[in-house]
Structure formats: C-alpha cells, structure tokens
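Chemist: Pasting a predicted model and its sequence here:
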Amino acid sequence: MINEIILMNGYGVYVWASFTFTLISFTTLYFVTKLQFLKEKKKFASKFGSLNVEKAKAGKSQNINREILSNTSSI
Amino acid sequence: MFKYFEPNKIFAITSKAPKYVLFLFIVILSIGLTEALILSPEDYKQSDVVRIMYVHVPAAWISLGIFSVLALLSVGSFVFKNKNFALIAKSLAPSGFVFNIIALVTGSIWGKPTWGTWWAWDARITSMLILALFYGMYLLAWRIYENKEQVIKVTSLIAILGVINVPIIKFSVDWWNTLHQPASINILSTKTAIHPSMLIPLGIMTAAFALFSLLIFLMKYNTELIKVKNKGLDRL
C-alpha cells in the first residue's frame, strides 16, 4: 500500500515533485508575506511610540491605528 | 456604496480573518491531498501521473481568475478614481503570480512523461508564460515607481493590456493545434469529460487553493494598509 503510494506505477517522481513544489511555494509565499506584515507592524509601533502625547492621542482617535497596535491583528 | 469598503472600516475584519482562513485552508487542503494522492483513481490512459492535474489545473484557474480581477479593479480605479481598488489589486497580484508559476512548473513536470518533453512552444503553454511576464511586470512596476499616481496608471495599463491574453489562454486549445489537451470541464454546461471520482478531488483542491489566495490577499492587504498608516504617522 505505502509502496504503491510512493511509486505510483513508476510516476511517483513526477507526481511527488509537482506536489512538493506546490507546497514549498505556498510555504515560502506565506512566510514572506507574514514577515513583511510583522516588519510593517513593528515599524508602525516604533513610530507611534516616538510620537509626543498630543500626536499619540490624535493618532489613537482612529480605530484603525488602535487595531494595528492591538495584538488581535497578528496572524 | 464604496464608503462601506473604506480601509478604516474594514481593517477590523481583515485583520482578524486570516487566522480563520488559515485554519479552514489547512483542513480543506488535508482533505484535498488525501483525495488527490490516495483515494482518487488512476487514469486508464495516463495512470497515476494524472494526479498532477489536482495541483496544475486549480493553480492555472486561480492565476487566470486573479489576473481578470486585477484588470477589473484597474478599470474600476480609473473610472471611480478609488485608490483602494489599486491597493486590493496590488495585494492580489503576488498569489496570482505564484499560482501562475506553479501551473507552468507542474505542467512542465506533467509534460515529460506524457509528451516526452519538459517544454513545448505550443499556444497554451506560451500564452501562460506571457501571463507570467505580465504578472512580473505588474509586480515590478509597484517596486520601481515611487510616485503613487504614476504607479497606479502604469500598473492599471499593464493589467488591462494583459487581460487580452486571458481569453487567448482559454481558447488557445480550440484555435490552434496544440500538444495541450482541450478543456475537460465547462462551467457553462453540465457536460464534463471527467468522472465525479476525479472531479470531486479537483473541486476540493480548487477550494483549498482559493482559500490560500484569500489568506495571502488578506495578509498583504493588511500590510499595505499599515504602510499607508506609517506614512500618515510621518505627516502627524
């Protein structure tokens, strides 16, 4: 049974290569996108932290800024 | 109507959705992989190599679908002068490009045992390669141009010009003599050349791939929104 799945009547190399390439592409795209997201979020948090009290208050008046700063937006 | 889709209003949803989409994607992909690699039957002509269809076909469908949406959004951003359309299009493009590359590579791997060659300059394969070039140009344009107005114009033009290639890809197997087989599934008719035992796994894998592109879109769109907000903080 296991041998049949691995060898696939002699076509195993082609089938497994296709599925492996697809899954590697998915994983790479997911982690690259996640890293970009975390990098931008970190940049936003550090910029927000360097604002003075008045500007930070103005910034926090926007819902979207509060969402970005909250932990719920992490993937 | 577009005011309901403003980034400030939908961020609360788009920022929480990825984790649910990721969970659903993993569940559906696991079912799809079990069906595609173990439960579905081999083909009477192609034997087990037909299983490549379960990654090749959904990848091709979704890359074509995403490029069509890019073109629609580009027309929308021209007509309605809505920059959010351009942001959505920009967030969709990376997954479309990756699906296009997957379709080309898995098609090439499938070609070796069935046609005896890794590559042939036939109409379907060449037009898919041209689509990959359009995706490449689209993504490069976003990196090259600094001016926002200019980049929206250039990328919209690339998407609108590139979409001419989409019907060429679809009908290439009917218009020219190609090594590539004609379409086996027609969504406009109930007639299909594929048995349900193969059609069901194909449908499940397509759903999984669609969920993956939704996941990447949401993550990328959130990143783009934060980039916009970062620029906004600079102006405070």
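Modeler: Received, thanks.
Chemist: Going by C-alpha atoms from here, please, whenever you check contacts or count neighbours.
Modeler: Noted.
Chemist: Need the three-state assignment for B:Thr117.
Modeler: coil (DSSP: H, G, I helix; E, B strand; the rest coil).
Chemist: I'd say it and B:Leu179 touch.
Modeler: No: at 10.6 Å, B:Thr117 does not count as touching B:Leu179 under the criterion of Cα atoms under 8 Å.
Chemist: Between those two, which is the more surrounded one?
Modeler: B:Leu179 (16 against 12; other Cα atoms under 10 Å in any protein chain shown).
Chemist: List phi and psi for the more buried one.
Modeler: phi -70, psi -30 (degrees, to the nearest 10).
Chemist: and what of B:Trp176?
Modeler: Phi and psi for B:Trp176, reported as degrees, to the nearest 10, are phi -120, psi 160.
Chemist: any idea what sits nearest the most centrally placed residue in chain A, other than its immediate chain neighbours?
Modeler: Nearest to the mean C-alpha position of chain A, by Cα atoms, centre = their mean, lies A:Lys34 at 2.0 Å. The shortest distance from A:Lys34 to any non-neighbouring residue, by Cα to Cα, 6 or more residues apart in numbering or on different chains, is to B:Met219 (6.9 Å).
Chemist: what about the one you found, how many neighbours?
Modeler: 26.
Chemist: how close does it get to B:Asn100?
Modeler: From B:Met219 across to B:Asn100, the span is 20 Å (Cα to Cα, to the nearest Å).
Chemist: Point out where chain A drops to low pLDDT.
Modeler: Scanning chain A for pLDDT under 70 picks out A:54-64, A:66-75.
Chemist: nope, chain B is what I meant
Modeler: If you take pLDDT under 70 as the line, chain B has these spans: B:1-8, B:186-191, B:233-236.
Chemist: if we can go back for a sec, okay, buried residues for the helix or strand hosting the residue nearest to the centre of chain A please.
Modeler: Element membership of A:Lys34, judged by DSSP states H and E, is helix A:12-49. By neighbour count on 16 or more other Cα atoms under 10 Å in any protein chain shown, the buried set for helix A:12-49 is A:12, A:14-19, A:22, A:25-26, A:29-30, A:33-34, A:37, A:40-41, A:44-45, A:48.
Chemist: same check, this time on stretch B:63-79
Modeler: Result for stretch B:63-79 [16+ other Cα under 10 Å]: buried residues B:63-64, B:66-78.
Chemist: Also stretch B:193-203?
Modeler: Buried residues in stretch B:193-203 (16+ other Cα under 10 Å): B:Met198, B:Leu199, B:Ile200, B:Pro201, B:Leu202.
Chemist: Now, the residues you listed that are in helices?
Modeler: B:Met198, B:Leu199, B:Ile200, B:Pro201, B:Leu202 (DSSP state H).
Chemist: State the distance from the third one to B:Leu33.
Modeler: When you say that, I think you mean B:Ile200. Between B:Ile200 and B:Leu33 the computed distance is 12 Å (Cα to Cα).
Chemist: need the contact list for A:Phe21.
Modeler: By Cα atoms under 8 Å, 6 or more residues apart in numbering or on different chains, A:Phe21 lies in contact with B:Ile102, B:Thr106.
Chemist: now it: how far from A:Met1?
Modeler: A:Phe21 is 24 Å from A:Met1, by Cα to Cα.
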